[in-house]
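> model this:
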Amino acid sequence: MRNVKGFTLIELVIVIVILGILSAIAMPKLIDMSKDAKIAALEGTSASLQEAAKGAYLKSVVSGDNKAATTNLFEINGNFFDLKYGYPLAAPEIGSSVVDLVELSDKLEVCPGDGTSCDSSSDKVVIGFLDKEKGETLAQCFVRYTEPKDGELHPTIEMETSGC
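This is a model prediction of the structure:
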């Protein structure tokens, strides 16, 4: 009888079953990494918004414009901003918004408004990921910048990550 080298059919089936089990275990971890990556991108965006708002506020303190309810056409880094108590507006009708002070990933979308609808003149702006199933709406995976209201000292920056 000849000596044949190679795998038997049973050995191949066992290897395929083992690879299938390993991939079934690894797939949820891979999906979880995608969620973690989105959350990390939002955390970076949140920190950038905080630093940008803080930088604009410090510049307004130097010029004495930080106590005014509104300051029109305040120049920061070559762009003109309307300020509210020294902080950039979220979505002004004219001029630059706080988003123009932040470098964003290409995967992030900007939506003036509260996140449920985009409104071009709002006191809020939402930066986040699109919900692929619902089309052009933001998923519950975003950072929301709310400009200061009367009596508040600083803007509010919140993160929503339940839909990441």
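
> so what's Ala91 closest to, chain neighbours aside?
The shortest distance from Ala91 to any residue other than its chain neighbours is 3.3 Å, reached at Pro112 (C-beta to C-beta, 6 or more residues apart in numbering). (C-beta placed from N, C-alpha, C; glycine too.)

> model confidence for Ile127, exactly?
For Ile127, the pLDDT comes out at 90.

> could you point out the longest strand in this structure?
Looking across the chain with DSSP state E, the single longest strand is strand 137-146.

> what about that strand, average pLDDT?
84.

> what's that strand packed up against?
When contacts are defined as 3 or more C-beta pairs under 8 Å, 6 or more residues apart in numbering; DSSP states H and E, strand 137-146 sits against helix 9-63, strand 109-112, strand 124-131, strand 156-160.

> and these as CSV, adding distance to Asn77 and mean neighbour count?
Below are these laid out as CSV (distance: least, C-beta to C-beta, whole Å; neighbours: other C-beta atoms under 10 Å):
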stretch, distance to Asn77, mean neighbour count
helix 9-63, 9, 13
strand 109-112, 18, 19
strand 124-131, 18, 21
strand 156-160, 20, 15
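
> tell me how far the closest residue to Leu108 other than its chain neighbours lies from Lys107.
Excluding the flanking residues, the one nearest Leu108 by C-beta to C-beta, 6+ apart is Ile127, at 5.4 Å. Here the criterion is C-beta to C-beta, to the nearest Å. By it, Ile127 lies 11 Å from Lys107.

> ok, Asp100 to Phe142 distance?
Asp100 sits 18 Å away from Phe142, taking C-beta to C-beta as the criterion.

> which of the two has more neighbours?
Phe142 (26 against 16; other C-beta atoms under 10 Å).
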